[in-house]
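Visitor: Let me see the structure of the following:
(one chain, ligands or ions: 1)
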Amino acid sequence: MKGSLLYEGKAKKVYHVNDQEDQLILSYKNDATAFNGKKKDQFEGKGRLNNLITSKVFEYLKQHQIDSHFIKALNDTEQLVQKTTIIPLEVVVRNVAAGSITRRLGIQEKTRFTPPIVELFYKKDELNDPLINDVHAYHLTDITEQELVYIKEMALTVNEQLTQLFKEANLQLVDFKLEFGRLADGTIVLADEVSPDTCRLWDLETGEKMDKDVFRENIGDLISTYENILQRLEANTHA
Ligand code: C5P
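Guide: Alright, predicted model coming up:
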């Protein structure tokens with residue numbers, strides 16, 4: 001079923017599917033990178049955890065009428081998805097201040113954002129994924145004004161659903177990054193992954209950081225942290 005390698009990114013490999021033009025296989029790698037690839041390591045089992053966590057999240061979203069490219073998990077590290085052309089935007093939703101916004105705007109960590117803030121970044125490693133505004137996005141990508149409105153609305157709807165999902169797992173969804181892709185017919189759908197690599201998750205009671213910040217800041221064990229997230233999600237989604 002798995003065809004030739006189409007693309008290899010920092011966290012995943014993308015394969016063609018034999019005799020199936022409109023599908024791809026994503027294979028989650030054990031590599032961890034931060035600060036645009038400047039910090040790198042490998043963690044045995046990380047690919048499995050992000051594949052299973054992302055699969056749970058996309059299944060939950062589907063149950064709540066939010067479609068994504070996700071079709072199904074194939075095994076521990078691979079998932080079948082609909083083929084999309086990724087729009088080079090990183091759409092970040094922030095409920096609480098952490099990470100780059102604290103440095104960029106001098107906002108204190110843990111400051112709450114009501115309503116949540118949506119930020120756009122241009123997905124371009126050579127430029128370090130700069131923050132951009134809507135007009136930049138029209139110039140840099142093929143999206144229309146209407147489509148950007150749709151993308152931001154989707155991002156906020158995903159935020160509402162995931163805030164609830166993680167709350168049930170005793171986690172606070174601090175912020176996260178989404179990517180969107182176009183299907184062959186031009187329809188825009190949620191794509192890429194939703195995992196502790198792409199979300200900030202803090203324990204609701206202790207405030208403990210339970211996401212890639214444990215790697216970025218050297219403050220804990222990545223695998224046991226991600227395993228804990230998967231277990232909490234499984235306990236709550238009755239898998
Ligand atoms: O670094 P920053 O604070 O802007 O990140 C906001 C959120 O987006 C975090 O949850 C982070 O993990 C995620 N992110 C990502 N991929 C990037 C940049 C940020 O998943 N390239």
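Visitor: Please name the strands paired to the host helix or strand of Leu5 in the sheet, noting orientation.
Guide: If you go by DSSP states H and E, Leu5 is part of strand 2-8. Next to strand 2-8 in the sheet, as set by DSSP bridges, lie strand 12-17 (antiparallel).
Visitor: so how far is the helix or strand just after the strand it pairs with off the chain centroid?
Guide: As assigned by DSSP H and E, the chain's next helix or strand after strand 12-17 is strand 20-28. How far strand 20-28 lies from its chain's middle: 17 Å, per Cα atoms, centre = their mean, to the nearest Å.
Visitor: Identify the residues contacting the closest residue to Arg48 other than its chain neighbours.
Guide: For Arg48, ignoring the flanking residues on the chain, the nearest one in space by Cβ to Cβ, 6 or more residues apart in numbering is Asp76 at 4.4 Å. C-beta here means a position set from N, CA and C on the backbone, and glycine is covered the same way. Counting by Cβ atoms under 8 Å, 6 or more residues apart in numbering, Asp76 touches 47-48, 51-52.
Visitor: and this structure, what are its domains?
Guide: 2-82, 85-221 (the TED database).
Visitor: Report the mean confidence score over the longest helix belonging to the chain.
Guide: In the chain, taking DSSP state H as the definition, the longest helix is helix 145-168. On average, the pLDDT along helix 145-168 is 98.
Visitor: Are the helix or strand just after that helix and the ligand in contact anywhere?
Guide: Sequence order places strand 171-182 as the next helix or strand after helix 145-168, per DSSP H and E. Yes: Strand 171-182 reaches the ligand (Cβ under 6 Å from any ligand atom) through 175-177.
Visitor: between the residues you listed, which is closest to the ligand?
Guide: Among the residues of strand 171-182 next to the ligand, Lys177 lies closest to the ligand (Cβ to the nearest ligand atom), at 3.4 Å.
Visitor: For that closest one, list each beta-bridge partner.
Guide: Residues in beta-bridge contact with Lys177 (DSSP bridges): Val92.
Visitor: In this protein, where is pLDDT below threshold?
Guide: 237-239 (pLDDT under 70).
Visitor: tell me which parts of it are close to the ligand?
Guide: 90, 92, 99-100, 129, 175-177, 198-200, 212.
Visitor: Output the contacting helices and strands for the longest helix of the chain.
Guide: Helix 145-168 sits against helix 46-63, strand 89-96, strand 112-122, helix 134-140, strand 171-182, strand 188-191, strand 199-203, helix 222-237, with contacts defined as 3 or more Cβ pairs under 8 Å, 6 or more residues apart in numbering; DSSP states H and E.
Visitor: Those into CSV, with extra columns for mean neighbour count and distance to Asn30?
Guide: What follows is the helices and strands packed on helix 145-168, written out as CSV (neighbours: other Cβ atoms under 10 Å; distance: least, Cβ to Cβ, whole Å):
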stretch, mean neighbour count, distance to Asn30
helix 46-63, 21, 5
strand 89-96, 22, 23
strand 112-122, 15, 25
helix 134-140, 14, 32
strand 171-182, 22, 20
strand 188-191, 20, 22
strand 199-203, 22, 19
helix 222-237, 17, 10
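Visitor: can you tell which of these is closest to Thr157?
Guide: Nearest to Thr157, of all the helices and strands packed on helix 145-168, is helix 46-63, at 9.1 Å by Cβ to Cβ.
Visitor: can you state the direction angle for that closest one and strand 20-28?
Guide: Angle, helix 46-63 to strand 20-28, by axes from the mean of the first three to the mean of the last three Cα atoms, to 10 degrees: 130 degrees.
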